[in-house]
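1. 3D, please:
(chains A and B)
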Protein chains: 2
Amino acid sequence: MEGTRAVVLRDHQIALIGGKIAAIAPHIDAGLARELIDAHGMLAMPGLVNCHAHIPMGMFRGIVEDVPVEEWFNNYIWPMETNLTAEDVYWGSLLGLAEMIENGVTTVADHYFMPDQIARAVEQSGMRAVLAEALFGGVGAEQRLAASLEFAAQYHGSAAGRISVVLGPHSPYTCEPEFLSAVARAAVQHKLGVHIHLSETLDQVESSLAQYGKTPIGMAQASGLFEVPCIAAHVAHPAHGDIAALSQHGVGVACCPKTSMKLGIGVAPVHVLRSSGVAVGIGSDGAASNNSYDILEATRLIALLEKHTLADARTLPVAEALGLATREGARVLGLADRIGTLAVGKQADLLLLRLDGAHHTPQHDIAANLLYSARAADIDTVLVDGHVLMRDRRLLTIDKAQVLGEVNARSERLTQRRTGKRVQSYPAA
Amino acid sequence: MEGTRAVVLRDHQIALIGGKIAAIAPHIDAGLARELIDAHGMLAMPGLVNCHAHIPMGMFRGIVEDVPVEEWFNNYIWPMETNLTAEDVYWGSLLGLAEMIENGVTTVADHYFMPDQIARAVEQSGMRAVLAEALFGGVGAEQRLAASLEFAAQYHGSAAGRISVVLGPHSPYTCEPEFLSAVARAAVQHKLGVHIHLSETLDQVESSLAQYGKTPIGMAQASGLFEVPCIAAHVAHPAHGDIAALSQHGVGVACCPKTSMKLGIGVAPVHVLRSSGVAVGIGSDGAASNNSYDILEATRLIALLEKHTLADARTLPVAEALGLATREGARVLGLADRIGTLAVGKQADLLLLRLDGAHHTPQHDIAANLLYSARAADIDTVLVDGHVLMRDRRLLTIDKAQVLGEVNARSERLTQRRTGKRVQSYPAA
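-> Modelled structure (predicted):
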């Protein structure tokens, strides 16, 4: 999907060789093919890219609703996260990955704890992932950074290249400026990217200005984090100068519309960011706030919200909106040379989507139907690197019944909140 | 779902007798039951109420995207609607009804042309509907009103009481004040309600104020339309005094968030309306603008949008939002005594929804999962008046393959636009 119109080729075949797209043409000699997938009547499209997630947080889905963000973090999420064991994170990751595959996500950028367990689940699932360990400042921060670097050394490029690792300083409000700088230096030294939460709420911007005289984006820039490839999650409240900084340094933004709307904390101004040359992709955020991992839903949501906000139906037209979830998401993650479009030479990360539902009829505009009428349940088949992860809506790499059983068995213990125990403190306004 | 918390009863059975709910209890003697439906692991909930639709417009799904509302109406929709034959409207209605049943809608308030064809499709489908024929002013308006009254006399209470009829003056911008008054007098005389588009765009409000010194809502009130039960679609821009008028006269509002966001024309201020005592339900509008008939999606959308707009996560909490699509929708349509909740004595309009997906796991809060994680494809079974319209996602009253074939065969002809032909003119700003 390039330019202003989505390109839909009818009656084409796709050849995959060695995990890559080898040909796209009306007729391909299938004589030597090891496997044929009949996609008659279906749409082949690039796998969806989820630019910001906390994969295991599906375990907290629905645990707290309709409360402000400070209360959400301090009274519920951060206390509950102290309960997490390594096995919890592993099974929670499989839950999140199962849901993402069912929703057509083939690549996810994660930001969480115990990333070795997440990597273990990603490797098993067959998905592609950019993993960051969440790093907070304070006592022991340097040791945690060292451990993160060890994780990166071990896992960057693992799972046949499907896993890449970046450093994950949580945010300027939970990491002191010196620690942000230490992370930036380590990233430069080890040739790693970073993934950070920036300007998620207006309070964060105001607190940062009051404390440092700089916005969170200004703090990230000053600390050197923009000297390496950077994924900036949220960016709901870019202030004067912030957008130019993001654009000049090629920082990609992960817009998470569902979480941000649900918490009432503001959404990235996608049209404005893109007009200034900033790459914007779509993120789910964690399923504790989202409460799902549905990137098609999130893409539709930001298209609707941008048209509404700017009171202009021409904003984010169909092809551009669909591009956010695919091509632009790949750009944000620094993977544009490998994924994000269906093109010869790209990795074979693709979906087959059924078009035979009443809600797809008639097919005046397949791309418009995809953006505004389709739902995740229409996705029939999912491939990553040419390997089939789901077919006929059945997961092939994850034992879903086992995962749901494990998650259900763990869910009550995880929701206990013990006084004084929490991962972090969320600053009140 | 009453009050501030959704009521979820576990391990209950529901007995249906004569199309109504006869009992809801943990154990019901099923010895005399003619049919048993195993709903183990599923959620029984009230059927969804769609308070504003143009059912056959699924035929125009995706035909025009990303253009402003004046262009959308004048250059595309109204010219194309001149192509519609009676059979087109019938098959288009079956398409829309098939999609609605698949999406868990059991009652729909329609506003369109050739309502006898729509009634024919509704009767066949088994759905419940409140039908209004769209009436425009101008030459011949009185004859069209007379024909509408004939339609009402013939169809009000038909289909074993599932069809009711109201009068459908399109809007104050397409009906002269005298005609609105004539419709109001006819409604009073024939004991009928009305269904009208009010204050859908800011331009409509400004034009009305300039031309008449009254808002569209003020015009409707002055013409006497609020003296009968009135469904007001959209109400995106209520001005000073409008909300009090709606509240005092018990006018119900059909909020159509997806269409209104997509066209960038403004959305009903649901929290403000409800705080003033106005009943608000959810509408899909037509699938030419929506582009689907998914009331669960629309309900989620308005919950997210209201939290975003008011920057307050506490706005429209889970139970209240779900109530819009069920109990409050029934109020808006004047059917609260018959549908909208699962209660003994109510008509047996209900859904069975699967809870076994990864996206429903874990079940910390089934109601939150329903509002924020579920999707239409989770709906397994749909009943209206105790009759099963869908089971295991298979439609039982509509031959879907035939309907999709008929619609596809008609779709190219319907999109022709002939110079000078249109149903109406949409006033430019």
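
2. Return the residues of the stretch 151-300 of chain A in contact with chain B.
-> Within the stretch 151-300 of chain A, the residues that sit near chain B (C-beta under 8 Å from any C-beta of the partner chain) are A:258, A:260-267, A:287, A:290-294. All C-beta atoms are positioned from the backbone trio N, CA, C, and that covers glycine.

3. Neighbour-wise, give me the winner out of those residues.
-> Within these, residue A:293 tops the neighbour count with 34 neighbours, counted by other C-beta atoms under 10 Å in any protein chain shown.

4. residue boundaries of the strands in the stretch 251-400 of chain A?
-> A:252-255, A:280-282, A:350-354, A:379-384, A:387-391, A:394-395 (DSSP state E, counting those that start in this stretch).

5. List just the one of those that sits closest to residue A:137.
-> strand A:252-255 (21.7 Å; C-beta to C-beta).

6. Can you name every helix or strand that the closest one contacts?
-> If you count contacts as 3 or more C-beta pairs under 8 Å, 6 or more residues apart in numbering or on different chains; DSSP states H and E, strand A:252-255 packs onto strand A:48-53, strand A:230-234, strand A:280-282, helix A:327-332.

7. cutoff 6 Å now
-> Where contact means 3 or more C-beta pairs under 6 Å, 6 or more residues apart in numbering or on different chains; DSSP states H and E, strand A:252-255 is packed against strand A:230-234, strand A:280-282.

8. re the thing from before, relative to residue B:239, which of the strands of the stretch 251-400 of chain A is closest?
-> Distance to residue B:239, taken as C-beta to C-beta, is lowest for strand A:252-255 among these, at 33.6 Å.

9. Now do the closest one, average pLDDT.
-> What strand A:252-255 shows for mean pLDDT is 98.

10. distance between it and the chain's centre?
-> 9 Å (C-alpha atoms, centre = their mean, to the nearest Å).

11. Give the pairing partners of that strand; include direction for each.
-> Paired with strand A:252-255 in the same sheet, following DSSP bridges, are strand A:230-234 (parallel), strand A:280-282 (parallel).

12. Would you convert these into CSV that also reports mean pLDDT, distance to residue A:115 and mean neighbour count?
-> Below are these laid out as CSV (pLDDT from 0 to 100; distance: least, C-beta to C-beta, whole Å; neighbours: other C-beta atoms under 10 Å in any protein chain shown):
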stretch, mean pLDDT, distance to residue A:115, mean neighbour count
strand A:230-234, 98, 15, 28
strand A:280-282, 98, 20, 29
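
13. of those, which approaches residue B:164 most closely?
-> The nearest among the strands paired with strand A:252-255, by C-beta to C-beta, is strand A:280-282 at 42.7 Å.

14. Work out the gap between the closest one and the centre of the chain.
-> That offset, for strand A:280-282, works out to 8 Å (C-alpha atoms, centre = their mean).

15. Would you mind pulling the contact partners of it?
-> Surrounding strand A:280-282, the residues in contact under the criterion C-beta atoms under 6 Å, 6 or more residues apart in numbering or on different chains are A:49, A:51, A:253-255, A:270, A:273-274, A:295, A:298-299, A:324-325, A:328-329, A:332.

16. same deal with stretch A:29-39?
-> With C-beta under 6 Å, 6+ apart, stretch A:29-39 has contacts from residue A:352.

17. quick one: that stretch to chain centroid distance?
-> Its chain's average C-alpha position is 32 Å from that of stretch A:29-39, according to C-alpha atoms, centre = their mean.

18. could I get the helices and strands packed on strand A:252-255 as CSV with distance to residue B:425?
-> Below are the helices and strands packed on strand A:252-255 laid out as CSV (distance: least, C-beta to C-beta, whole Å):
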stretch, distance to residue B:425
strand A:230-234, 44
strand A:280-282, 39
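
19. Out of those strands, which is closest to residue A:5?
-> The nearest among the helices and strands packed on strand A:252-255, by C-beta to C-beta, is strand A:280-282 at 19.7 Å.

20. what ranges do the helices span in the stretch 51-200 of chain A?
-> Secondary structure of the stretch 51-200 of chain A by DSSP state H, counting those that start in this stretch: the helices cover A:69-71, A:78-81, A:86-102, A:115-125, A:141-155, A:177-190.
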